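Visitor: build the 3D model from these lines:
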Amino acid sequence: MTSLILELILMLFVILAASELFTNALEHFGERLKISEGVTGSLFAAVGTALPETTVPLLALFAGTSDMGVNEEIGVGAILGAPLMLSTLTTCLMAFAILRRRGASGRVAPERSGFERDINVFLFAFTLAAIAMFVPADARYVRGAFSFVLGLTYFVYVMMTLRASNALVEDGHGTEAEDKMFLARIGLPTNLGTILIQLGLGVALIVFGAKGFIHGVDGVARSMGISTLLLSLLIIPIATELPEKVNSILWIRRDKDTLAFGNITGAMVFQGTLLPAIGIMLTPWQPRIEVLGGVLVTLLAAGWLRLNSKAQGLPVWALLVNGALYATYLALTLSR
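Guide: Okay, here's the model as predicted:
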């Protein structure tokens, strides 16, 4: 147990360092391409930092254990647990990061049109994914239709986000890098090549750190006797979502609210469309009570964010409510 805990601590530091490396390079990348913070956060940052939690269900389904039932439980739990964690615990941690400076009655102000677009697309896609749970496993064509619509939804979302970029840059929402690039501090020039090298290093370290963290969390959870499905719904996402959590907390503490929320909501769209599309086709995708509970809490949390999206921003206290939703789900699930 002691070695597992030491591994968790070490990998946490790796993820923290990798997230600093990644966000620093990404800001320079967005500035170099003259794209909006919405594109940088919702597409590039979201997909880049979503690699760990994307890898887990895919590895489980295609190269997991010899027990297919266990593989499917890990896959379903990891797919649905990721947006649950992002919409509840992560937004709450962001609120705690700025609570002392902005206060509970203060505001977070991501660029509104992009934020609402992300949440709207996620609510539509995740509701479809929930409905698909009630489609019989032998209705392959119907399930295939659900998967196709979810994949198409993400494609349309990417097009909408890219199309809005130029207007947002003109309105003052262009990506700007405040700090010197890390590789430039050791004498390398700041150009597209070195930016891509630093991005690659950041992503590689994020994946390495997250995989090591997953291994440690898995060992600790199993020693505590937690079931595979609960492990996948509750424990694994804590590890795999660390890059998004850390990146968004770093950005929101620097008052880059659009990047911070774009990283979260963009990842939610990615994980609420493409990953469920895979799960619908490759797993039983059934409405088990703990799964339905997680889906309901996720939709409630995302809907609450959308409801509180105003011209002046979202109140900090509203983000704390999402943390309370997660705590409630956790208490109810573990008490069963």
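
Visitor: farthest from the middle of this protein: give me that residue.
Guide: residue 187 (33.6 Å; CA atoms, centre = their mean).

Visitor: and that residue, what's its pLDDT?
Guide: On pLDDT, residue 187 comes in at 79.

Visitor: same question, residue 301
Guide: Looking at residue 301, its pLDDT reads 96.

Visitor: do residue 146 as well
Guide: Among the per-residue scores, residue 146 holds a pLDDT of 96.

Visitor: returning to what we had before: now the residue farthest from the centre of the chain: how far from residue 254?
Guide: 26 Å (CB to CB, to the nearest Å). In short, each C-beta sits where N, CA and C put it, glycine included.

Visitor: how about the strands in this structure?
Guide: Secondary structure of the chain (DSSP state E): strands located at 107-108, 314-315.

Visitor: circling back to that earlier point, please tell me how far the residue farthest from the centre of the chain sits from residue 181.
Guide: Between residue 187 and residue 181 the distance, using CB to CB, works out to 12 Å.

Visitor: verify the contact between residue 181 and residue 197 for me.
Guide: No. Counting by CB atoms under 8 Å, residue 181 stays clear of residue 197, with 10.1 Å between them.

Visitor: which one's more surrounded, those two?
Guide: The neighbour count for residue 181 versus residue 197, taken as other CB atoms under 10 Å, is higher for residue 181 (21 against 14).

Visitor: ok, the more buried one - contacts?
Guide: Residues counted as contacts of residue 181 (CB atoms under 8 Å, 6 or more residues apart in numbering) are 24-25, 28, 190, 194-195, 198.

Visitor: out of those residues, who's nearest residue 153?
Guide: Using CB to CB, residue 25 comes nearest to residue 153 of those, at 29.1 Å.

Visitor: relative to residue 206, how far out is the closest one?
Guide: In this view, residue 25 and residue 206 are 12 Å apart by CB to CB.

Visitor: for the strands of the chain, which one ends up most surrounded?
Guide: Counting by mean count of other CB atoms under 10 Å, strand 314-315 has the highest mean neighbour count of the strands of the chain, with a mean of 22.
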